[in-house]
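Visitor: What shape does this take:
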Amino acid sequence: MPSIMQKLLIILILSNLLNANWNNNLFNIPMFSNNSDENSSAKAKRLHKEHFNDIWEDVIDNLEDGLDISKKIDKAPNRAIFIDDKKSLRKKFDNVLDNIIILLLEDNLLNYRKQIRDAKSDINSLEKDILEYREKKITAPDESHLKTTKSEYNQKISDIQSKINEQKQSIVNTKLLVSSNLKNMGINLSAEQIDVLLSRVDGDDIIAMTLMMDVLKQITTQLMGIMQESSEELNHAKKYYGMNMVLLELVVYIQDNLIKKVEQKYIPKIDNILLNTRNILLKTSKKISSENNLQRKSIYNQNYKAQKLTFKVAKLYKKNLQDELKQIRKARDISIKNLDVSKNTFETVSLSSDLYKIISSSQNIMREVMKLQIPDIIPFKNIQMRDKFMELTDKIKEE
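Guide: Reported below is the predicted structural model:
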């Protein structure tokens, strides 16, 4: 089974970047008409509903398996050879949680990543074609029946530029769909904030996690409806309440893996970038001091400025991740307390109506957790800062 680190997309918190307004370009979303926004909103809702309907039965099956294993864990010995012990059962339980996560992430709305990536790839390829035609145009004849003329190259370039504009608009539309989907969940982000989100190494994690949490809320709502229909049957009500406890376990499980990812992957990679950049800065500084040739000295100075920007942005990146880690832990603490109350109630309750009230209360707590984990995103100060963030993001993903 694939590891959770490969399957799980997680939440991190984006905070305290730098204030500014961006000009419209490939990575920005222009102002949209209300009609366009409504169309994207309707599409987002439709895709979300289709996804929920597709996974409902499989999720319920996994929740039942998880509940059965959870009951066995409580009674199992700490260590055993010929029977399952707590450790082996916990591994099986985690596998069930992994299965649910995979189902939650099989969402058409998450295709935005591939769509944007493919569009950018097409744009890069088309821009290379334009460069090639411009080079050939230099020696092209003004008129000819055998060779491509300057005007014909101009037409080729114009046609390609139209294709580039189409791809840019495709990116805009895809980002609008992301924005509309988040808006449907009560999360309002501006065009600039969406761009910040998508430029970060954890941007996909935040969006995917938000979608998962929203689906979990929908599943809980459905379980509450079933419980109401079984209001006089305590055993039936406890079964669905137990499924809800598995969902709460899932939230904590996701947050635990998220904390590990930040601590063991993102921050160490940023530390490596900071260390390497610091060493390069020292070398460049020595070169500046020892170089007498003004032209070479000027080049070293320019390199030094670029390296300082990398160091500055990497420090900011690390600070954001550290701040995000604190927020994630706060959210996890709330989730743990919610889970503990649910378990205690499950063991002692004698009325199905009490179970319903606890689940209803946990819904409100889950909303609080979602809000706590959604970043306070501030647009970049300038394009250079944005580009450097994207450059560092690529390095983190590669290493």
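
Visitor: which is the next helix or strand following the helix or strand bottoming out on mean pLDDT in the chain?
Guide: Ranked by mean pLDDT, DSSP states H and E, the helix or strand of the chain with the weakest confidence is helix 4-7, at a mean of 39. Remark: after helix 4-7, the chain's next helix or strand is helix 34-75, criterion DSSP states H and E.

Visitor: Give me the mean pLDDT for that next one.
Guide: Across helix 34-75, pLDDT averages out at 78.

Visitor: residue contacts, Asn154?
Guide: Lys137 (Cβ atoms under 8 Å, 6 or more residues apart in numbering). No exception for glycine: its C-beta is placed from N, CA and C like everyone else's.

Visitor: Does it lie in a helix or a strand, and which?
Guide: With DSSP H and E as criterion, Asn154 is part of helix 150-184.

Visitor: Just the buried residues of that helix, please?
Guide: For helix 150-184, the neighbour count (16 or more other Cβ atoms under 10 Å) marks 150, 153, 156-157, 160, 164, 167-168, 170-182 as buried.

Visitor: by how many degrees do that helix and helix 34-75 diverge?
Guide: Angle of helix 150-184 versus helix 34-75, following axes from the mean of the first three to the mean of the last three Cα atoms, to 10 degrees, is 50 degrees.

Visitor: Rounded mean pLDDT for the next helix or strand after helix 150-184, please.
Guide: Using DSSP H and E, the next helix or strand after helix 150-184 towards the C-terminus is helix 191-199. Mean pLDDT, helix 191-199: 78.

Visitor: name the helices or strands packed onto helix 191-199?
Guide: helix 150-184, helix 203-229, helix 383-398 (3 or more Cβ pairs under 8 Å, 6 or more residues apart in numbering; DSSP states H and E).

Visitor: Does Ile377 fall in a helix, a strand, or a coil region?
Guide: coil (DSSP: H, G, I helix; E, B strand; the rest coil).

Visitor: Could you do Leu146 as well?
Guide: Leu146, by the three-state scheme (three-state DSSP), is coil.

Visitor: Okay, it and Arg329: tell me how far apart.
Guide: From Leu146 over to Arg329 the distance is 72 Å, taken as Cβ to Cβ, to the nearest Å.

Visitor: Same check on Gln264?
Guide: In this view, Gln264 and Arg329 are 15 Å apart by Cβ to Cβ.

Visitor: can you check Leu197 too?
Guide: Remark: distance between Leu197 and Arg329 (Cβ to Cβ) = 21 Å.

Visitor: what about those two, which has more around it?
Guide: Leu197 (21 against 13; other Cβ atoms under 10 Å).

Visitor: pretty sure Glu127 is touching Lys163, no?
Guide: No: the criterion here is Cβ atoms under 8 Å, and Glu127 misses it with Lys163 at 10.4 Å.

Visitor: where does the stretch 151-300 of the chain dip in pLDDT?
Guide: Along the stretch 151-300 of the chain, segments meeting pLDDT under 70 span 230-234.

Visitor: Of the helices and strands packed on helix 191-199, give the one that comes closest to Arg296.
Guide: Closest to Arg296 of those is helix 383-398 (Cβ to Cβ; 24.2 Å).

Visitor: Let me see the mean pLDDT of the closest one.
Guide: Rounded mean pLDDT across helix 383-398 is 84.

Visitor: cool, stretch 90-97 as well?
Guide: 93.

Visitor: Buried ones in it, by neighbour count?
Guide: Phe93, Asp94, Val96, Leu97.

Visitor: Apart from its chain neighbours, what residue comes closest to the second one?
Guide: What sits nearest to Asp94 in space, not counting adjacent residues and going by Cβ to Cβ, 6 or more residues apart in numbering, is Tyr253, at 6.9 Å.

Visitor: Now for that neighbour, how many residues are close by?
Guide: Neighbours of Tyr253 using other Cβ under 10 Å come to 20.

Visitor: ok, now Lys326?
Guide: 11.

Visitor: give the contact list for Glu291.
Guide: Contacts of Glu291 by Cβ under 8 Å, 6+ apart are Lys297, Tyr300.

Visitor: Next: the one 10 residues further on.
Guide: The neighbourhood of Asn301, defined by Cβ under 8 Å, 6+ apart, consists of Ile288.

Visitor: switch the cut-off to 10 Å
Guide: Thr284, Lys287, Ile288, Glu291 (Cβ atoms under 10 Å, 6 or more residues apart in numbering).
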